[in-house]
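**Student:** Have a look; sequence and predicted model below, questions after that.
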Amino acid sequence: MSASDLQARPVLTPHARVQKDPVSGDPVLLYPEGVLMLNATAEAILAQVNGIATIEQILAALAAEFEVTPDELQADVFEYLAELEQRRLLTLQPASGA
Amino acid sequence: MKAAAYRPYALLAELTYRCPLHCPYCSNPTQTSPGPELTAEEWDRVIREAAALGVLQMGLSGGEPLARPDLAPIVQSARAAGLYTNLLTSGLGLTAARLAELRAAGLDTLQLSFQSDEPILADEIAGTRSHTLKLAAAKMVRESGLALGLNVVLHRRNIERLPQIIALAEGLGALRLELANVQFYGWAFPNRAALLPTREQALVAREVALAAQARLGGRMDVFYVLPDYYETRPKPCMQGWGRRYITITPTGDVLPCPTAGSLLRDQRENVRTASLAWIWHESESFNRFRGTDWMPDPCRTCPDREKDFGGCRCQAALLTGDPTRTDPVCTLSPDRPLIDRILAETAALALAPAWQYRQNPAAEPVA
């Protein structure tokens, strides 16, 4: 599965944790020896990554939230998910039941 | 500069200096402060103070943190405070039950040390039978689903086994491999003649590490720490004094890094007598080398001064006796000949001399 496959289901790896930074109130992603500060786009994407939704479903949800078409978001979302996958913070599973 | 300009992101909690291993490269101090270790209750308070300051990551270390029977409650405190926890351990003392207890307490990841890939050499470096136990610990961690990292200190006696060491980490299913060329602090400093690799060994190892990073990208994160004596510019130690990191020792001393205790001596602050916030923001020990005003020449006017901060204060202190001097690794330092002499002595040695094994601190009251 790759981040350009709409039917892929992104799953955050168990050793990654998204939470709020108590000092700044900004979202952060914590992993072994690492802290990723998340901007608003990253936070919005990760909020849709629940282990069940496919990329297609994630794009639809984000499109509704930001009042754009899924096509307009596609490239950025693919790129971000691929980056997280490269850092081993996320895996791409087949869609449930597929 | 004070206050909001500096924020700690990571806390290294040295829970004890007791350890079943005797690695000659250990960075623990060769002489430790007497007195009782912080209790789990004291750690709970300290952890909450650290979280309030902005700390997000906590390394539970030592010595050997598993030597603390109350390790699980300490992990629990960290979880309750929202910290991401990493257990830095030799693996000796880990059982399936202990691991389950730690996971239930909220442990996020575990970093296992290995001394080599080959059992006889590994046990010789550790000074005790340990390699087989570590393999068993790695298996337990993988089977539990907890994220596993490996840490291997590289030095003259094991650096030529780097390809096999990397293969070991891959075979154990490690997500991250830290290859840490030996740094000369604590026990490692008196053992430097025995531990420093030759220049040729260092160059070969670097190529092996770079190739592995390229090959394993996305599968295993290979983190390579250079042997800085062979560099021409110093490492930006801890990313600057008192900028991102806090270390707390077993008896509660608060330091900018694990080795600064001997540099700070009587200036050391302690959690039993001051709040972490005051220590971080206001204490002389933490403010002493912040910013650039304290720098002598050549650092004072060097264009790299905000990039490498003049290198390592502890290293300057160890090699020159003066913590304010430019890290002698820097070729712009007037003290660079100190490093060159050590490198020349290493090059002239046909065989590494015997090292002195790390000894446990003299028996002291346990909390």
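**Tutor:** Okay, I see it.
**Student:** from here on, contacts and neighbour counts on C-alpha atoms
**Tutor:** Noted.
**Student:** Specify the local secondary structure of residue A:30.
**Tutor:** The three-state label given to residue A:30 by DSSP: H, G, I helix; E, B strand; the rest coil is strand.
**Student:** can you check residue B:60 too?
**Tutor:** Classification of residue B:60 using three-state DSSP returns strand.
**Student:** roughly how far apart are it and chain A?
**Tutor:** Going from residue B:60 to chain A by Cα to the nearest Cα, to the nearest Å gives 12 Å.
**Student:** max-length helix in the chain?
**Tutor:** I went with chain A, as the question did not name one. helix A:70-86 (DSSP state H).
**Student:** that's the other chain; I wanted chain B
**Tutor:** If you go by DSSP H, chain B has its longest helix at helix B:199-216.
**Student:** Which positions in the helix or strand following it come out as buried?
**Tutor:** Once the chain leaves helix B:199-216, the next helix or strand it forms, by DSSP states H and E, is strand B:221-225. Buried residues in strand B:221-225, defined by neighbour count with 16 or more other Cα atoms under 10 Å in any protein chain shown: B:221, B:222, B:224, B:225.
**Student:** how about the helices in the stretch 151-300 of chain B?
**Tutor:** Secondary structure of the stretch 151-300 of chain B (DSSP state H, counting those that start in this stretch): helices at B:162-171, B:192-195, B:199-216, B:261-264, B:276-282, B:284-287.
**Student:** Quick one: end-to-end distance for stretch B:223-236.
**Tutor:** 16 Å (Cα to Cα, to the nearest Å).
**Student:** One more: stretch B:118-134?
**Tutor:** With Cα to Cα, one end of stretch B:118-134 sits 12 Å from the other.
**Student:** And for stretch B:239-253?
**Tutor:** 21 Å.
**Student:** residues in contact with stretch B:106-124?
**Tutor:** The list of residues contacting stretch B:106-124 from outside it, by Cα atoms under 8 Å, 6 or more residues apart in numbering or on different chains, reads A:15, A:32, B:75-76, B:79, B:84-91, B:125-126, B:129-132, B:134, B:138, B:141, B:146-153, B:158, B:161, B:164-165, B:168.
**Student:** ok, the closest residue to chain A within the stretch 251-367 of chain B to residue B:242 distance?
**Tutor:** Per Cα to the nearest Cα, the residue of the stretch 251-367 of chain B with the smallest distance to chain A is residue B:277, at 13.4 Å. Noted for residue B:277: a distance of 12 Å to residue B:242, by Cα to Cα.
**Student:** So for those two, which sits in the more crowded spot?
**Tutor:** Neighbour tally, residue B:277 and residue B:242, criterion other Cα atoms under 10 Å in any protein chain shown: the higher count belongs to residue B:242, 23 against 14.
**Student:** Is it correct that that one is in contact with residue B:286?
**Tutor:** Yes. The pair residue B:242 and residue B:286 passes the contact test of Cα atoms under 8 Å, sitting 5.5 Å apart.
**Student:** all strands of chain B, in order?
**Tutor:** B:10-14, B:57-61, B:84-89, B:109-114, B:147-154, B:176-181, B:221-225, B:245-248, B:253-255, B:269-270 (DSSP state E).
**Student:** Mean pLDDT lowest where, among the ones you listed?
**Tutor:** Among the strands of chain B, strand B:221-225 carries the lowest mean pLDDT, a mean of 93.
**Student:** Give me the helices and strands touching that one, please.
**Tutor:** If you count contacts as 3 or more Cα pairs under 8 Å, 6 or more residues apart in numbering or on different chains; DSSP states H and E, strand B:221-225 packs onto strand B:176-181, helix B:199-216.
**Student:** what comes into contact with it?
**Tutor:** A:87, B:175, B:176, B:177, B:178, B:179, B:180, B:181, B:209, B:212, B:213, B:216.
**Student:** ok, the closest residue to the second one other than its chain neighbours - contacts?
**Tutor:** Distance criterion Cα to Cα, 6 or more residues apart in numbering or on different chains; nearest residue to residue B:175, sequence neighbours excluded, is residue B:220 at 4.8 Å. If a contact means Cα under 8 Å, 6+ apart, then residue B:220 has B:170, B:174, B:175, B:176, B:177 as its contacts.
**Student:** The second one - how many residues pack around it?
**Tutor:** Residues within reach of residue B:174, counting by other Cα under 10 Å, total 24.
**Student:** how close does it sit to residue B:165?
**Tutor:** Going from residue B:174 to residue B:165 by Cα to Cα gives 12 Å.
**Student:** what does the model give residue 4 for pLDDT?
**Tutor:** Reading this off chain A. Note for residue A:4: predicted pLDDT of 68.
**Student:** wait, chain B
**Tutor:** At residue B:4, pLDDT is 56.
**Student:** Return the set of buried residues in stretch A:12-25.
**Tutor:** Here stretch A:12-25 shows A:12, A:13, A:15, A:16, A:17, A:18, A:21, A:22 as buried, counting by 16+ other Cα under 10 Å.
**Student:** Among those, which ones are in strands?
**Tutor:** A:12, A:17, A:18.
**Student:** hang on, the earlier thing: how about the strands of chain B, which one is nearest residue A:52?
**Tutor:** strand B:147-154 (21.9 Å; Cα to Cα).
**Student:** okay, the residue in chain A that chain B sits nearest to: pLDDT?
**Tutor:** Going by Cα to the nearest Cα, chain B is nearest to residue A:86 of chain A, at 4.6 Å. At residue A:86, the model reports a pLDDT of 84.
**Student:** got TSV for the helices of the stretch 151-300 of chain B, with mean pLDDT too?
**Tutor:** Formatted as TSV, the helices of the stretch 151-300 of chain B follow (pLDDT from 0 to 100):
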stretch	mean pLDDT
helix B:162-171	98
helix B:192-195	95
helix B:199-216	96
helix B:261-264	94
helix B:276-282	97
helix B:284-287	97
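**Student:** Tell me which of these sits most buried.
**Tutor:** helix B:192-195 (a mean of 23; mean count of other Cα atoms under 10 Å in any protein chain shown).
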